[in-house]
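A.B. asks: Okay, sequence plus prediction incoming.
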2 protein chains.
Amino acid sequence: MEGMPEESPQRPAEAEQRLDPAIAARLKRDAHGLVAAVAQQWDTGEVLMVGWMDEEALRRTLTSGRATYWSRSRQAYWRKGDTSGHVQLVREVRLDCDGDALLVKVHQVGAACHTGDRTCFDADVLSAVVGVA
Amino acid sequence: MEGMPEESPQRPAEAEQRLDPAIAARLKRDAHGLVAAVAQQWDTGEVLMVGWMDEEALRRTLTSGRATYWSRSRQAYWRKGDTSGHVQLVREVRLDCDGDALLVKVHQVGAACHTGDRTCFDADVLSAVVGVA
């Protein structure tokens, strides 16, 4: 480009917009580039929902304090609560031993589930044999 | 087959080996026929691990009292603890609102993680900005 030095340093803004390569290298993504993300209420331990993150959703989650997912149905980033107000404020993010799942500890404002339930697992208990030692 | 009636009733053993069709109809499987399964220690709320279940793994989990997964790496059913002794005794199984994730509340005997850690999320805490309201 005219007037631009040939070897300009990478712009900080651009560098900031990439997930830390050391984290990216540990992610084991599925065929769609996604890992499962379990959102858990940090103090009560409630499992709120399971979403999906690609590298960019994880970067946004780690850098913004707001849990952000990739919506497989809408094929778009989805910052939880932007529409509903039911935001997830990030407290801690952990990657599992084989890099294909994240545990996102959050403070959930209001209901996590689009149905209005506190969690996405409130409504459908399956009949199960209870295990004994 | 010689001597067999032409319209024999379905054998009970065969019927028992299918997941309840009412549950199967609610599952939203991925391209590999799998849903994510979050294992949680029923009393402490610890998220122990994330595994994967197809219909048959879920059927075995619901009917045996032992959490059973589909191992994507080994392409085989994996009844947790058969090798390690670190079994997961099922307490409750829940399906989420859109049918693509299960919450399996268990009593975990010993370590859930193959590394010897109690959970698969113990070792790798990512640096994250904490969200504020």
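C.D. replies: Happy to help now that I have it.

A.B. asks: As a check, name the ranges of all helices in chain A.
C.D. replies: Assigned by DSSP state H, chain A shows helices spanning A:12-16, A:21-24, A:55-64.

A.B. asks: so what pLDDT did the closest residue to chain B within chain A get?
C.D. replies: Closest residue of chain A to chain B, CB to the nearest CB: A:G45 (2.4 Å). Every C-beta, even on glycine, is put in place using the N, C-alpha and C of the backbone. A:G45 is assigned 98 on the pLDDT scale.

A.B. asks: what does A:Q17 give?
C.D. replies: Confidence score, pLDDT, at A:Q17: 87.

A.B. asks: and what of A:Q10?
C.D. replies: 50.

A.B. asks: nearest spatial neighbour of A:V106, skipping sequence neighbours?
C.D. replies: A:Q88 (4.0 Å; CB to CB, 6 or more residues apart in numbering or on different chains).

A.B. asks: try A:R29
C.D. replies: Nearest non-adjacent residue to A:R29 (CB to CB, 6+ apart): A:V35, at 5.9 Å.

A.B. asks: Touching, the one you found and A:K28? I think so.
C.D. replies: Yes - with contact defined as CB atoms under 8 Å, A:V35 reaches A:K28; the gap is 7.1 Å.

A.B. asks: The two - which one has more neighbours?
C.D. replies: A:V35 (22 against 13; other CB atoms under 10 Å in any protein chain shown).

A.B. asks: does the more buried one have beta-bridge partners, and which?
C.D. replies: Note on A:V35: beta-bridge partners A:M53, judged by DSSP bridges.

A.B. asks: Contacts only, for it.
C.D. replies: A:27-29, A:52-54, A:58, A:99-102 (CB atoms under 8 Å, 6 or more residues apart in numbering or on different chains).

A.B. asks: what do you get if the cut-off is 10 Å, keeping everything else the same?
C.D. replies: Listed by CB atoms under 10 Å, 6 or more residues apart in numbering or on different chains, the contact partners of A:V35 are A:27-29, A:52-55, A:57-58, A:70, A:95-96, A:99-102, B:50.

A.B. asks: For it, give its distance to A:Q88.
C.D. replies: 17 Å (CB to CB, to the nearest Å).

A.B. asks: So A:A111 sits against A:Q88, correct?
C.D. replies: No - at 11.3 Å, A:A111 and A:Q88 do not qualify as touching, with contact defined as CB atoms under 10 Å.

A.B. asks: Mind listing the shared neighbours of the two?
C.D. replies: A:L48.

A.B. asks: and those two? which has more neighbours close in?
C.D. replies: Comparing A:A111 with A:Q88 by neighbour count (other CB under 10 Å), the higher total belongs to A:Q88, at 27 against 17.

A.B. asks: Start from the N-terminal end of chain A and give the strands.
C.D. replies: A:35-41, A:47-53, A:68-71, A:76-79, A:88-95, A:101-108, A:124-126 (DSSP state E).

A.B. asks: what's the angle from the first one to strand A:47-53?
C.D. replies: Interaxial angle, strand A:35-41 versus strand A:47-53 (axes from the mean of the first three to the mean of the last three CA atoms, to 10 degrees): 150 degrees.

A.B. asks: Cheers, nothing more for now.
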